[in-house]
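Trainee: Structural data only, the sequence is not supplied:
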């Protein structure tokens, strides 16, 4: 009986006496948070500056890159690049506001970044304001972090 009590005390002591075996999720390293936030901010600025070149540097240029736009997936860099060029050319004014940016590491070389987004698109005559959620999946490639998946969904009027 004494051995059973001793074993129980050792087990409880190793758990801090809490008895909780829920695994603790490690915090995302600060360098990954900083890198992901830098990509998100560069993306926002590139849109506001109407720079297809700056946007292009943020995406993986391969057949696996995906952007989901208004429920329609664009797959492969050539499709994504065409959409970026079209959007920049179509709108005279583009303003993007992001808040509540959350970054989660998916390993040492991948992460997600999510944010609440408000985007205003104007052609000089009319403008549209959209609000919703933006999500990126990022992959480290060399010294850079690149967008491999972008998805945004906007709230529809109720």
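Mentor: It's in. Source: prediction; values computed, not measured.

Trainee: Could you use CA atoms for every contact and neighbour count after this?
Mentor: Noted.

Trainee: So what touches stretch 93-103?
Mentor: 28, 32-33, 36-37, 44, 47-48, 50, 111-124 (CA atoms under 8 Å, 6 or more residues apart in numbering).

Trainee: Give me the distance from it to the chain's centre.
Mentor: Its chain's C-alpha centre and that of stretch 93-103 lie 11 Å apart, by CA atoms, centre = their mean, to the nearest Å.

Trainee: Which among the contacts of stretch 93-103 count as buried?
Mentor: Taking 16 or more other CA atoms under 10 Å as the criterion, what is buried in the contacts of stretch 93-103 is 32-33, 36-37, 44, 47, 50, 111-122.

Trainee: Looking at those residues, which are in helices?
Mentor: Among the buried ones among the contacts of stretch 93-103, the members falling in helices are 32, 33, 36, 37, 44, 47 (criterion: DSSP state H).

Trainee: What segments of the protein are strands?
Mentor: In the chain, the strands defined using DSSP state E lie at 66-69, 72-75, 93-107, 110-122, 127-141, 144-154.

Trainee: What pairs with the third one, parallel or antiparallel?
Mentor: By that I understand strand 93-107. As defined by DSSP bridges, the strand partners of strand 93-107 come to strand 110-122 (antiparallel).

Trainee: Next: the first one.
Mentor: Each strand that strand 66-69 pairs with, and the sense of that pairing, follows from DSSP bridges: strand 72-75 (antiparallel), strand 144-154 (parallel).

Trainee: can you list contacts of that strand?
Mentor: For strand 66-69, contacts defined as CA under 8 Å, 6+ apart pick out 73, 74, 75, 76, 77, 80, 148, 149, 150, 151, 152, 153.

Trainee: Would you mind listing which of those are buried?
Mentor: Applying 16+ other CA under 10 Å to the contacts of strand 66-69, the neighbour count classes 74, 75, 76, 77, 80, 148, 149, 150, 151, 152, 153 as buried.

Trainee: tell me the least confident of those?
Mentor: Minimum pLDDT for those is recorded at residue 153 (88).

Trainee: Pass me the low-pLDDT residue ranges in this structure, would you?
Mentor: 1-26, 157-158 (pLDDT under 70).

Trainee: thinking again about what came up before, using JSON lines, lay out the strands paired with strand 66-69 together with distance to residue 105.
Mentor: Shown next, in JSON lines, are those (distance: least, CA to CA, whole Å):
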{"stretch": "strand 72-75", "distance to residue 105": "24"}
{"stretch": "strand 144-154", "distance to residue 105": "12"}
